[in-house]
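Asker: only geometry, no sequence info:
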Ligand SMILES: C=CC1=C(C)c2cc3[nH]c(cc4nc(cc5[nH]c(cc1n2)c(C)c5CCC(=O)O)C(CCC(=O)O)=C4C)c(C)c3C=C
Ligand SMILES: [Fe+2]
């Protein structure tokens, strides 16, 4: 498990963005924004804000600061980590006395998740929030003032296609309900292990937003916090983005910036997780007439190649290691099926991790594979990409391509061995008395954005570049090919 503990004051070093590749041991974050709930409001309000409050601190509009705090230390698990910042991992460790004198600790666990639209009306504003995230659409620095207009444009254009998907799975995302159930189950599992804790849910792009969860944590006067992103593998676009938001909230608040916090940044190596996945696979294999002939097809959520190659996102390496561990566990049980890994859910005109799920399914069918078991592996709840993309789109494609027997491993959801293991992970990660800083200072670029003249210059150049970018042949082609 890869966990990090923090509390206390802010580090004061701004790092060179050229160091951005070194994600290997740290928490990858891009621009540090002075983030607030405004960013999450439905797009019309967000855009109104864009035009009416230009000198505000909401520097995510211009984003792209590529700042890293210098915090790095060895945690209890013996792994080096970086507390904050875009892939830059300095040696300085800043430790502070935490709230360790509290007579009785009040433990909180914050589950971070992506969030999903509750209804079809929520789809476009949800997509706006997603595309407005500089960790999802990573624009070159000069273009970063386009983040919101671009998010508006893409969300409006993509909404009809997404709505169809959500309509086909019952009119909204099941993520909120399932994550709440996981939170309840985790609380019970912790209680069974003699740890009384409040478990909170904080979503990145829809309700209940991370900000709301953090406000509740403050109201409850929590004295120790464990942050558990519900993504087994770390990616800039998932855990990285959620932690960036947390850091910016904590940075602005005296109480929170002193709260001892541990962040579990990835947990795909945990024995309990690997066993739970192997159990689910074994169980589904048994439903086939000839289980030993089934191809185990891991389908991971993709990310753009540039995340891995330019920004040092450890996601691909972690995914490959995760698959290896699950396969080893199956082999230990005498299950030696063929397996393969492919990446799904590509969006936009750039190159994503390969091979692509749809292409591999067709190839396997053409090669004569007759039985296939799809295993979603980036995420622990059912959601649109399992229920619609895999169960409907990919199944249809596979059957058309010659595959005759199709199965799909369910998401872990509230599987008890999995929840019990999460409880162990939380207990192992409980922050100790001394901890390092959670939040980063504002970046040079952010400070620039507080200056109206510099802001106006950036906006002018940004608009010119926006024009060029939006009408580039690549973007036009991407829209034509339905890649948004
Ligand atoms: C545009 C870039 C995207 C990246 C990068 C990305 C990474 C990523 N996402 C998940 C998990 C989920 N994604 C979900 C929804 C979703 N994601 C994107 C785009 C990117 N994701 C879009 C446009 C959407 C909206 C749905 C759609 O229109 O297709 C969800 C929520 C699903 C739900 O039920 O509501 C999850 C979960 C991971 C794990 C990941 C990187 C590793
Ligand atoms: Fe996604």
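Answerer: In hand now; what should we look at? Model, not experiment: these values are computed from the prediction. Ligands and ions are numbered 1, 2, ... in the order given.
Asker: Low-confidence stretches in this protein?
Answerer: Per-residue confidence for the chain (pLDDT under 70) gives these ranges: 5-103, 433-484.
Asker: give me the residue from it nearest ligand 1.
Answerer: As assessed by CB to the nearest ligand atom, ligand 1 sits closest to residue 116 within the chain, at 2.3 Å. Every C-beta, even on glycine, is put in place using the N, C-alpha and C of the backbone.
Asker: need the contact list for that residue.
Answerer: Residue 116 makes contacts with 126, 166, 172, 173, 174, 175, 176, 205, 206, 383, 384, as judged by CB atoms under 8 Å, 6 or more residues apart in numbering.
Asker: measure the closest residue to the fourth one other than its chain neighbours to residue 238 for me?
Answerer: Read it as residue 173. Spatial nearest neighbour of residue 173, chain neighbours left out: residue 116 (2.5 Å); criterion: CB to CB, 6 or more residues apart in numbering. The gap separating residue 116 from residue 238 is 13 Å, by CB to CB, to the nearest Å.
Asker: Pull the most distant pair out of the contacts of residue 116.
Answerer: Distances among the contacts of residue 116 were taken as CB to CB; the most separated pair is 174 and 205, at 15.2 Å.
Asker: Who has more neighbours out of these two?
Answerer: Each of residue 174 and residue 205 had its neighbours counted (other CB atoms under 10 Å), and the higher figure belongs to residue 205 (25 against 20).
Asker: Just confirm residue 202 is within a strand.
Answerer: Yes - under DSSP: H, G, I helix; E, B strand; the rest coil, residue 202 sits within a strand.
Asker: Contact partners for it?
Answerer: Contact criterion CB under 8 Å, 6+ apart gives 110-113, 208-214, 242, 246 as the residues in contact with residue 202.
Asker: Now, the residues you listed that are in helices?
Answerer: 210, 211, 212, 213, 214, 242, 246 (DSSP state H).
Asker: And for residue 400, the neighbour number?
Answerer: By other CB under 10 Å, the burial measure for residue 400, its neighbour count, is 11.
Asker: List the residues that contact it.
Answerer: Neighbour list for residue 400: residue 365 [criterion: CB under 8 Å, 6+ apart].
Asker: what's the answer for residue 232, then?
Answerer: With CB under 8 Å, 6+ apart as the criterion, the residues that contact residue 232 are 266, 267, 268, 273, 322, 377, 378, 380.
Asker: try 10 Å this time
Answerer: With CB atoms under 10 Å, 6 or more residues apart in numbering as the criterion, the residues that contact residue 232 are 239, 266-270, 273-274, 277, 318-319, 322, 377-380, 412.
Asker: Near ligand 1, list only the ones from those.
Answerer: Among the contacts of residue 232, the residues within reach of ligand 1 (CB under 6 Å from any ligand atom) are 378, 379.
Asker: which among the contacts of residue 232 end up buried?
Answerer: 239, 266-268, 270, 273-274, 277, 318-319, 322, 377-380, 412 (16 or more other CB atoms under 10 Å).
Asker: Which of these fall in strands?
Answerer: residue 266 (DSSP state E).
Asker: for residue 371, what are its contacts?
Answerer: So residue 371 contacts 285, 288-295, 337, 403-407 (CB under 10 Å, 6+ apart).
Asker: Kindly provide the distance from it to residue 403.
Answerer: Per CB to CB, residue 371 is found 7 Å from residue 403.
Asker: Around ligand 1, pick out the residues from the stretch 1-150 of the chain.
Answerer: 114, 116, 127, 130, 136.
Asker: redo that, cut-off 8 Å
Answerer: Residues of the stretch 1-150 of the chain that fall close to ligand 1, judged by CB under 8 Å from any ligand atom: 113, 114, 115, 116, 117, 123, 126, 127, 130, 131, 136, 137.
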